[in-house]
Structure formats: C-alpha cells, structure tokens
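Chemist: attaching a predicted model along with its sequence, questions to come.
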Amino acid sequence: MLPFKNRIKKKKDFEKVFQEGDSFFGHFFILKTKKNSLSHPRFAFVVSNKKERKAVRRNKIRRLFREAVRNYIPLLREDKDVIFIIKREARGKEYEEIKEEVEKAFKRLKLI
C-alpha cells in the first residue's frame, strides 16, 4: 500500500497539477507532474469510468500501479506531485509490464 504521506488527496492539489503541470505520454498512462513544496513525492491514480466500467477492475488497475510506484519511492530524486491518468491499454496487463513502463517513464523524466 502507498504510504499516506505519498498520496495526493485534496481537490486543489489535483487542480494545480492538472492546470500547471507538465505532461508525459506512456503506452499505458499519461503522467501529469508538478514540483511540490514538500520534502517527499506524492502520487494519484485516475482510471476513468469510461475506460473501465466495473469498479472492481478499476480498483485492480489502481492497485497494480500503486504497487509499481511504491517500489520506486525511495529512489526518486525530486519532490513532485505526479498524477497517473491510466489509459484503456492498461486493461489486462500483468504487474511486470506495468512496472517496466513506470520505470521507463521515471527514467525519461529523470526522476530516478
């Protein structure tokens, strides 16, 4: 489970990242990132109701992404707010595929 301090929870924080953040496009997700003033990175995961109708499947996708990100938190160099907007292509993917894609994205963004 992702530690509480590493989660974006407030609506104003989401809006700030969406409005002012930089975008990165991966195979399974879109990343929105913005520097934060805290001493640690924070993450959020969005799976649209249009992308996956069943809540059980949306939650499973979120859990897979959370676990993949959790392994990289100690390695991250910058304190950023990161929102993963998960695409339809992520449906049915295995954990290892998601983990590799997250690692590639973090490396391209020079976060690790």
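Modeler: Ah, there it is. Residues are numbered from 1 along each chain as shown.
Chemist: hey, let's count contacts and neighbours off CA atoms from now on
Modeler: Noted.
Chemist: go through the protein and flag its longest helix.
Modeler: Assignment by DSSP state H gives helix 55-70 as the longest helix of the chain.
Chemist: let me see the mean pLDDT of the helix or strand that comes right after that one.
Modeler: For helix 55-70, the following helix or strand on the C-terminal side (DSSP states H and E) is strand 80-86. Computed over strand 80-86, the mean pLDDT rounds to 95.
Chemist: roughly how far out does strand 80-86 sit from the chain middle?
Modeler: Chain-centre distance of strand 80-86: 4 Å, with C-alpha atoms, centre = their mean, to the nearest Å.
Chemist: begin at 366 from now on, thanks
Modeler: Okay, residue one is now 366; in that scheme the one you just asked about reads as strand 445-451.
Chemist: same for it, what does it pack against?
Modeler: Secondary-structure packing of strand 445-451 (3 or more C-alpha pairs under 8 Å, 6 or more residues apart in numbering; DSSP states H and E): helix 376-385, strand 394-400, strand 407-412.
Chemist: residues making contact with the first one?
Modeler: Residues from elsewhere that reach helix 376-385, judged by C-alpha atoms under 8 Å, 6 or more residues apart in numbering: Ile373, Lys397, Thr398, Lys399, Asp446, Val447, Ile448.
Chemist: which one of those residues is nearest to Val421?
Modeler: For the contacts of helix 376-385, the minimum distance to Val421 (C-alpha to C-alpha) is 20.5 Å, reached by Ile448.
Chemist: so that closest one bridges to which residues?
Modeler: Beta bridges link Ile448 to Lys397, Ala409, judged by DSSP bridges.
Chemist: would you mind confirming that it makes contact with Lys399?
Modeler: No - shown here, Ile448 and Lys399 do not form a contact pair, counting by C-alpha atoms under 8 Å, at 9.1 Å.
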